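Student: I would like to see how this sequence folds:
(3 chains)
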Amino acid sequence: MSELIKKIIMNYPYFAAFIIFVIGALTVLTRSNLFKKLIGINIMESAIFLMFVAAGNIRGGAVPILSGKNPHTLYINPLPSALMLTGIVVSVSVTAFALALILRLYRSYGTTDLRRIYEMGNEVSE
Amino acid sequence: MLSLIIALFSGAVGGLVVAMIPETKNRLRNYIVLFFAASSTFFTWRTAFMVFAGESVRVAGELGGLAFSLDPDPLGAVFGLIASTLWPFTAVYSFGYMAGKHKQRTFFTFFLMSLTMTLGVAFSGNLIALYLFYELLTFATYPLVIHERSAEAMKAGAKYILYSLSGAGAILIAIVLTYAWSGKLDFSGGPILANSLSPGLNWLLVLFVGGFGVKAAIMPLHRWLPAAMVAPTPVSALLHAVAVVYSGVYGVLRTVYSVFGHELIGQLGIRNILPWIAVITILAGIVIAARQDVLKRRLAYQTVSHLSYILLGAFILNEWGLAGAIFHMISYSTLKIALFFCAGIISEKTGEIKVSKMGGIGRSLPKTMVAFSIATMGMIGMLPLNTFWGKYYLMKGSVGAGKWPLAVVLIISGILNAICFVPVIINAFKGECTKTNGEKGGGVSLMLAPTLVLVIVALLIGLMPGIVWPGVEAVVNWFY
Amino acid sequence: MISAITTNLPVFIIIAPLFVAFVLPTWAQRKRLVENLVISVEILMLLGTCYLASIVLLQKGIPIIYQMGGWSAPWGIELKVGSLGTFFLLTVAIVSLPVALFARGNLTHEVGGKERVARFYVLYLLLIGALGGMALTNDLFNVYVLVEVATLSCCGLVSARNHPRAAKATFTYLILATLGSCLVMGGIGFIYIVTGHLNMGFASQELGRIWQNNPRVVWMAFSFMLVGFGVKSALFPLHVWLPDAHSVAPSPASAILSGLAVKGYLICLLKVLYNVFGFYLMRVYSVHKIMVLVGMVAIISGSISALTQEDLKRRLAFSTVAQVGYIFLGFGLLNTKGLTGTLFYLASHAVIKSTLFLSAGAMLNATGKKNIKDLSGIGRKMPITTAAFTISSLGLIGIPLFSGFVGKWQLLMGSMETGSILPVSVIISGSVLCAAYLFPVIRIAYFGTAPEKDCKDPNLPQKLALIFLSAAIVFLGVIPGSFLELANRAAAELLVLR
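Tutor: Alright, predicted model coming up:
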């Protein structure tokens, strides 16, 4: 038991990422409000970002900026962070696109509740 | 080789030509149809003689990463001869029957297309080619089944497609299994599965027989056939009594003799069950036929019954059984087509389709009903007609294989055929004459001529079975 | 100059559509120019791809490795022009050209406004560029980025017609697709954590050495990848977004979405499964069995759902769900024949499904309706369109001499090698069901009573596109030649033990 707790404490960013991911996924799948779904997606993505960045972290490592004066020999892996920059860009564009869609849906259906939009069927005019 | 190609593709080319001729030019279209059907017949005969002479007329090529080959052996040649020879007769009959009816262009286009597909089945040299043409035959004949475009016709068409495609699916599974087990698909060079023995073979045979059995109308897979009788009579006559159903029968013969080989089937546990499946269909088919009032449906169930004669011959697994099967294939086709032709003339000239209302019809349509009676004698298996010999060889085969009950079944079936049709004939010649002579004008001569010629041919073969015997002998020698 | 182009051709092929996509809005007002630009990019792409394919075929299996910016792996990013890459690139080029040509016909009408045409093409080219990238990339993170580019442009294409129904379908699609990409990114993260590499080759080597140290993480990576790409490629039961999205999109968009976009994700999955994990690990984790099982379920349920649809485009969309099942099944067979068949099937389905959607679109446009029963008798009025529909249906059903059969036959041979008859019978039942849901359309089109409305074949570019695609279906079915050879080699390379 203590072994397990020790493992969890040692790897806490990953467990945090896991919990955040589950929260996000549940939000996406169970909520019918368009905004909440979108927020769920963003939470999920944050979980993945956290996981990547944690993977690059090295305990006691320094910022990976090489210069002659720097005495450190242990650096944090910069690659995952750089990758997550791309991930964030993608996430932002998805969010922007989804917001535009929500706006369009709200104008046509007068609601942001996906269930009600589906109940209305195809009777809505342009 | 060239004659093989011409024989095969005459139909398809003719179909395309016919499709381009305007709907109204009936006369021109008829000549073209006759020309292409006749050319196909001529070149099929040439090919067949080359095959019987032992020449190889193989055309093979790789298409789509698979080997396709056309390589008729005597069995394929015999089937090709039957189909292509009957085509011009039916074409002439159709000119009379279709005169003044709608959508003639569509009818003749697909009528010729089906010729190519049927000959393709006959000439195919491996399972892939056989499967291709078997599948295409379904699509080519579908427009003919739904020719009337009525709700009933559409329903029959849907049934036809459903049954045929499911059957083709079973065949494809079986082909895949065959290829996976043996690594070859060609019919030439002995049976494909000759040296393999595995417990799965029984099921493989069931798949093949079940798949081809759909078109061969083995009970309970026969239900599309009576439904398809909504088609115009020439179609019922040629396709649903001969070409299409024979492609199924031919597939079963191929399975038995070219895929498995009679020696291998002789070792399988299922060999004792197969003849009895045919027996059930023979008896049940004719019993159901006797209860049908619509003449074409009665003939259809009789077809179901008689197709299983041929299957029975295949499942007996000896020389005489095969000889009987081939002989019955040849002789039955001539007479059955004549029967349907008669039914067509009756319904066209008197408007009667029900057997119970055909009293006195023999007076108004004497020639038709004489032909009908002779053909019926043939269905019973009486001597001066060719079907007697087929039946005789079948009985000889079954006794020779030590299965004398099968011979008894054949005799019983003959009696049932008599019970089914003799009253019709008696009734037709009894009673008052309603019209003086209905066999004049309106294309009747076009319909009557092929009927009478076919009946005379059947009589000739019956009196001199020697004229078709070389073909039968060639098939038997090829496999034994 | 010429050598500079040929050596950098792999990257040009991907960059060209992306670049044109970015400059297109500049000339948004000039519709003709935009269209000509798109077509010329497509033609250039096709030519370049043919050149690459010929080189790959001549080199007999040695892939061209292109290092972006001159940095060698594992530091730089690689493009790998191997058999698999060129095979899919060729598929993309062959399908996207006629679709663009078809779009030229009446896109203004389809997207509802002249000013939206250029936007459509921007998204279209972005998607093509991303698909080309998926074909060639050899880097896991690039896979993610390209998948995202493709997803966003797909979503854009679905909502190209400014209609509330389209917006609704797009939103569902967007949310589920993003969920899928989160999972994919998670899977990539797990692989990176275990191996420390993003280059597929290096990651694979490392994984082969040390997977036993972290078996659970590898298992997680497997499942994240499978579910992630499963959502994106509409694997049953994760397909809920597809029927809506593919049926409300404008016809050219439906064609490219159903034909190519779904295949792009499948190719990515294929690369991840075979080039990163390797078939040995798949066997260790029994992933292949799951894939075969799920594939079979998808084939049957997708086909049955398709049977129940009255709306023609929805029927075709459900048919895609079934066809994805075939490809999943094939990926799980783990033998050369099965994979060859699957790859060929994937390509031929791309061609066939785009033809189906394009011809269906043309028919529905002419009648102004969307149900199958409204197409009554259209075969006589629109012979070329209906002929294209018929040819592609026969191809999808799997009649010999049409491209679908060639792949299906190899697939059947491959499934036989698993020793079970069940996949074989499911594949063939799928074909029979496919006939059951496509044949009524043909029957109604040819043999139904003639329509009162005067319908005509579409205009010349659309007719050309349909003829090109139908010819491709027959051509690939009769002489698959080097195309099949390429698929065969790609399959063999995927199954090399690392």
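Student: To which secondary structure element is the residue nearest the centre of chain A assigned?
Tutor: The centre of chain A sits closest to residue A:45, judged by CA atoms, centre = their mean, with a distance of 1.7 Å. Using DSSP states H and E, residue A:45 maps to helix A:34-56.
Student: residue contacts, the residue nearest to residue C:432 when sequence neighbours are not counted?
Tutor: Leaving aside its chain neighbours, residue C:432 sits nearest to residue B:169 (4.3 Å; criterion: CB to CB, 6 or more residues apart in numbering or on different chains). (Glycine included, C-beta is placed from N, CA and C.) Contacts for residue B:169 (CB atoms under 8 Å, 6 or more residues apart in numbering or on different chains) come out as B:211, C:428-429, C:431-432.
Student: element containing the nearest residue to residue C:256 once chain neighbours are set aside?
Tutor: Nearest in space to residue C:256, with sequence neighbours left out and distances taken as CB to CB, 6+ apart, is residue C:99 at 5.2 Å. Using DSSP H and E, the element containing residue C:99 is helix C:83-111.
Student: downstream neighbour of that helix in the secondary structure list?
Tutor: Helix C:83-111 is succeeded, C-terminally, by helix C:117-136 (DSSP H and E).
Student: how close does the closest residue to residue A:77 other than its chain neighbours sit to residue A:50?
Tutor: Using CB to CB, 6+ apart and skipping residues adjacent in sequence, the residue nearest residue A:77 is residue A:56, 3.9 Å away. Remark: distance between residue A:56 and residue A:50 (CB to CB, to the nearest Å) = 11 Å.
Student: do the same with residue C:187
Tutor: Using CB to CB, residue C:187 is found at 16 Å from residue A:50.
Student: Quick check on those two: which one has the bigger neighbour count.
Tutor: residue C:187 (25 against 19; other CB atoms under 10 Å in any protein chain shown).
Student: Where does that one fall, secondary structure wise?
Tutor: Per DSSP H and E: helix C:164-195 holds residue C:187.
Student: Just give me how far that helix sits from the chain centre.
Tutor: Here helix C:164-195 is found 18 Å from its chain centre; the criterion is CA atoms, centre = their mean, to the nearest Å.
Student: So for it, mean pLDDT?
Tutor: Per-region confidence: helix C:164-195 scores 90 on mean pLDDT.
Student: shaky segments in the chain?
Tutor: Picked chain A for this. Along chain A, the parts satisfying pLDDT under 70 run over A:1, A:67-72, A:121-126.
Student: You answered for a different chain; I wanted chain C.
Tutor: Answering for chain C: the residues below the bar, that is pLDDT under 70, span C:1, C:61, C:497-498.
Student: which residues in the chain form strands?
Tutor: The chain I'm using is chain A. Remark: no strands are assigned in chain A by DSSP state E.
Student: The intended chain is chain C.
Tutor: Ranges of strands within chain C are C:64-67, C:78-81, based on DSSP E.
Student: Residue C:414: which of these is closest?
Tutor: Nearest of the strands of chain C to residue C:414, taken as CB to CB: strand C:78-81 at 24.4 Å.
Student: who touches the closest one?
Tutor: The set of residues external to strand C:78-81 that reach it, using CB under 8 Å, 6+ apart, is C:10-11, C:14, C:52, C:55-56, C:63-68, C:85, C:136-139, C:199-201.
Student: Check stretch C:433-446 too.
Tutor: B:142-143, B:146, B:157, B:161-162, B:165, C:300, C:303-304, C:306-307, C:309, C:312, C:315, C:319, C:322, C:363, C:372-373, C:375-380, C:386, C:389-390, C:393, C:396-398.
Student: Which of the residues you listed fall within helices?
Tutor: Counting by DSSP state H, the contacts of stretch C:433-446 place B:142-143, B:157, B:161-162, B:165, C:300, C:303-304, C:306-307, C:312, C:315, C:319, C:322, C:363, C:378-380, C:386, C:389-390, C:393, C:396-397 in helices.
Student: one step back: can you pull the contacts of the residue nearest to residue C:256?
Tutor: Shown in contact with residue C:99 (CB under 8 Å, 6+ apart): C:252, C:255-256, C:259, C:354, C:358, C:465.
Student: I'd like the residues you listed as a markdown table, with neighbour count appended.
Tutor: Output for these, formatted as a markdown table (neighbours: other CB atoms under 10 Å in any protein chain shown):
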| residue | neighbour count |
| --- | --- |
| C:252 | 31 |
| C:255 | 31 |
| C:256 | 32 |
| C:259 | 27 |
| C:354 | 30 |
| C:358 | 31 |
| C:465 | 28 |
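Student: thinking again about what came up before, the strand or helix carrying the residue nearest to residue C:432: which residues count as buried?
Tutor: Using DSSP H and E, residue B:169 maps to helix B:151-182. Residues of helix B:151-182 classed as buried: B:153-154, B:156-181 (neighbour count, 16 or more other CB atoms under 10 Å in any protein chain shown).
Student: Let me know which of the strands of chain C is tucked in deepest.
Tutor: Of all the strands of chain C, strand C:78-81 has the most neighbours on average by mean count of other CB atoms under 10 Å in any protein chain shown, namely a mean of 23.
Student: could you dump that strand to CSV, C-alpha only?
Tutor: Extracted C-alpha coordinates of strand C:78-81, given in CSV (Å, rounded to 0.1, in the frame of the first residue of the first chain):
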residue,chain,number,x,y,z
GLU,C,78,11.9,13.1,-41.6
LEU,C,79,9.7,12.5,-44.6
LYS,C,80,9.8,8.9,-45.7
VAL,C,81,8.9,8.4,-49.3
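Student: so who does the closest residue to chain B within the stretch 251-400 of chain C touch?
Tutor: Relative to chain B, the nearest point of the stretch 251-400 of chain C is residue C:400 (4.1 Å; CB to the nearest CB). Going by CB under 8 Å, 6+ apart, residue C:400 touches B:63-64, B:66, B:68, B:128, B:131-132, B:135, C:477.
Student: okay, who's weakest in these by pLDDT?
Tutor: Across the set of the contacts of residue C:400, residue B:64 stands lowest in pLDDT, at 74.
Student: contacting residues around the spatially closest residue to that residue that is not a sequence neighbour?
Tutor: Spatial nearest neighbour of residue B:64, excluding adjacent residues (CB to CB, 6+ apart): residue C:406 at 4.5 Å. Contacts for residue C:406 (CB under 8 Å, 6+ apart) come out as B:64-66, C:344, C:348, C:476-477, C:480, C:484.
Student: Distance check, residue C:406 against residue B:210.
Tutor: Distance of residue C:406 to residue B:210, given as CB to CB: 26 Å.
Student: do the same with residue B:266
Tutor: Here residue B:266 is placed at a distance of 20 Å from residue B:210 (CB to CB).
Student: Out of these two, name the residue with the larger neighbour count.
Tutor: Taking other CB under 10 Å, residue B:266 and residue B:210 do not tie; residue B:210 has more neighbours (17 against 12).
Student: And what about that one, helix, strand or coil?
Tutor: Assigned state for residue B:210: helix (three-state reduction, DSSP: H, G, I helix; E, B strand; the rest coil).
Student: Nearest to chain A: which residue in chain C?
Tutor: Nearest residue of chain C to chain A, counting by CB to the nearest CB: residue C:164, 3.6 Å away.
Student: Please give the element, helix or strand, for the closest residue to chain C within the stretch 301-450 of chain B.
Tutor: Residue nearest to chain C within the stretch 301-450 of chain B: residue B:344 (22.8 Å; CB to the nearest CB). Assigned by DSSP H and E, residue B:344 falls within helix B:319-350.
Student: what ranges do the helices span in chain A?
Tutor: Here chain A has its helices, by DSSP H, at A:2-10, A:12-30, A:34-56, A:79-109, A:114-120.
Student: Please identify the most buried of the ones you listed.
Tutor: By mean count of other CB under 10 Å, the helices of chain A have helix A:34-56 as the most buried, with a mean of 21.
Student: if we can go back for a sec, phi, psi for the residue of the stretch 251-400 of chain C closest to chain B please.
Tutor: Backbone torsions of residue C:400, given as degrees, to the nearest 10, read phi -50, psi 150.
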